[in-house]
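Asks: sequence first, predicted model second:
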Amino acid sequence: MVELKTNTSIDAMHEAGQVVARALTAVRKAADVGVSLRELDELARDVLREAGAASPFLGYRPSFAPTPFPAVICASVNDAIVHGIPTGYRLRDGDLVSIDCGAHLGGWAGDSAISFVVGRPRPADVRLIETAERALAAGIEAAVVGNRIGDIAHAIGSVCRAAGYGIPDGFGGHGIGRRMHEDPSVPNEGRPGRGLPLRPGLVLAIEPMLIAGGTDGFHAAPDGWTLCTDDGSRAAHVEHTVAITEAGPRVLTARDGL
């Protein structure tokens with residue numbers, strides 16, 4: 001069932017979204033050569049704790065997962081697309097890192113993700129991340145009253161495919177509210193004018209996932225959580241929580257105005 005949120009509820013979701021934004025900002029600032037993924041997770045835990053927020057990731061166990069998720073961030077490196085478990089792995093120069101984080105505050109959820117390169121970036125990685133961010137911006141731009149879910153999906157997919165990148169099938173965005181994952185699903189590719197109409201009060205997590213090699217194949221790593229590219233190429237993942245309003249899309253997880 002799709003729940004439309006009131007303006008008051010959207011304001012409350014913005015508060016949760018800003019906790020996520022602060023956590024991602026702190027993690028991005030701390031990520032450097034030699035820093036472990038587990039240390040980044042501990043930093044995000046501190047941010048959530050200081051805000052009085054809980055993590056919707058910690059202990060989460062969907063049907064495909066062999067074990068509950070053990071962290072408050074997903075940390076996916078290089079050929080890992082999403083759902084990477086933070087380990088003792090220490091970041092190396094040139095690593096492409098995607099960090100996904102969520103927060104529960106006051107009964108409402110926020111969810112957002114960023115991708116970046118540690119140390120000296122490869123031009124190909126810069127292009128991949130910039131394209132992911134453009135795809136996210138295109139999806140947000142399409143998130144207006146009168147459009148449909150398919151318009152968001154088409155906007156994202158058009159940017160990704162035009163740049164020659166792959167899109168992992170079956171994974172994309174979702175509704176969000178009192179729970180991190182709600183209806184509807186928001187694919188990263190689709191036909192315009194199709195799907196659920198976008199109405200004021202609908203809140204969506206929009207999250208492009210791009211595979212640099214141009215193929216769509218992926219597989220689960222031995223941990224049962226991390227999704228990796230089949231061709232070994234690098235991946236990028238970006239995400240914002242966005243409310244549909246009469247005044248246009250409102251990004252609830254914006255970081256420093258971004």
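Replies: That came in fine, so what should we check first? For clarity, every value in this text was computed on a predicted model and none was experimentally measured. Numbering: from 1, shown residues only.

Asks: pull out the buried residues from the helix or strand hosting residue 160.
Replies: Under the assignment given by DSSP states H and E, the secondary-structure element containing residue 160 is helix 149-162. Within helix 149-162, the residues that qualify as buried are 149-157, 159-160, counting by 16 or more other C-beta atoms under 10 Å. From N, CA and C alone the C-beta is placed, and that goes for glycine too.

Asks: now swap in stretch 216-224 and tell me
Replies: By neighbour count with 16+ other C-beta under 10 Å, stretch 216-224 contains the buried residues 216, 218.

Asks: how about stretch 166-175?
Replies: The neighbour-count criterion (16+ other C-beta under 10 Å) identifies 166-168, 171-175 as the buried residues of stretch 166-175.

Asks: quick check: mean pLDDT across stretch 182-199?
Replies: Per-residue pLDDT over stretch 182-199 has a mean of 98.

Asks: could you do stretch 71-90 as well?
Replies: Rounded to a whole number, the mean pLDDT of stretch 71-90 is 98.

Asks: over to stretch 202-219?
Replies: Model confidence over stretch 202-219 averages 98 on the pLDDT scale.

Asks: endpoints of it, how far apart?
Replies: Counting by C-alpha to C-alpha, to the nearest Å, you get 32 Å between the two ends of stretch 202-219.

Asks: roughly how far apart are the residue nearest to residue 220 when sequence neighbours are not counted and residue 96?
Replies: In space, and not counting its chain neighbours, residue 220 is closest to residue 227: 6.0 Å by C-beta to C-beta, 6 or more residues apart in numbering. Taken as C-beta to C-beta, to the nearest Å, the spacing of residue 227 relative to residue 96 amounts to 15 Å.

Asks: looking at the buried residues of stretch 166-175, which are in strands?
Replies: Of the buried residues of stretch 166-175, the ones assigned to strands by DSSP state E are 173-175.

Asks: adding pLDDT and distance to residue 54, write these out as a markdown table.
Replies: Conversion of these to a markdown table gives the following (pLDDT from 0 to 100; distance: C-beta to C-beta, whole Å):
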| residue | pLDDT | distance to residue 54 |
| --- | --- | --- |
| 173 | 98 | 22 |
| 174 | 98 | 19 |
| 175 | 98 | 19 |
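
Asks: phi first, then psi, for residue 133.
Replies: The phi and psi torsions at residue 133 (degrees, to the nearest 10) take the values phi -70, psi -40.

Asks: so how many other residues sit close to it?
Replies: Under the neighbour criterion other C-beta atoms under 10 Å, residue 133 is assigned a count of 17.

Asks: for it, what are its contacts?
Replies: With contacts defined as C-beta atoms under 8 Å, 6 or more residues apart in numbering, the neighbours of residue 133 are residue 238.

Asks: give the rounded mean pLDDT of stretch 149-165.
Replies: For stretch 149-165, the per-residue pLDDT averages 98.

Asks: show me where this protein has its strands.
Replies: Ranges of strands in the chain, per DSSP E, are 73-77, 80-82, 96-105, 108-117, 173-175, 182-186, 203-206, 209-211, 218-220, 227-229, 235-237, 240-243, 250-251.

Asks: next, the angle strand 73-77 makes with the third one.
Replies: If I follow you right, that is strand 96-105. Angle between the axes of strand 96-105 and strand 73-77 is 170 degrees (criterion: axes from the mean of the first three to the mean of the last three C-alpha atoms, to 10 degrees).

Asks: nearest to residue 123 among the buried residues of stretch 166-175?
Replies: Relative to residue 123, the closest of these is residue 166; by C-beta to C-beta it sits at 18.9 Å.

Asks: wait, doesn't the closest one sit right on residue 209?
Replies: No - counting by C-beta atoms under 8 Å, no contact exists between residue 166 and residue 209, whose distance comes to 9.2 Å.
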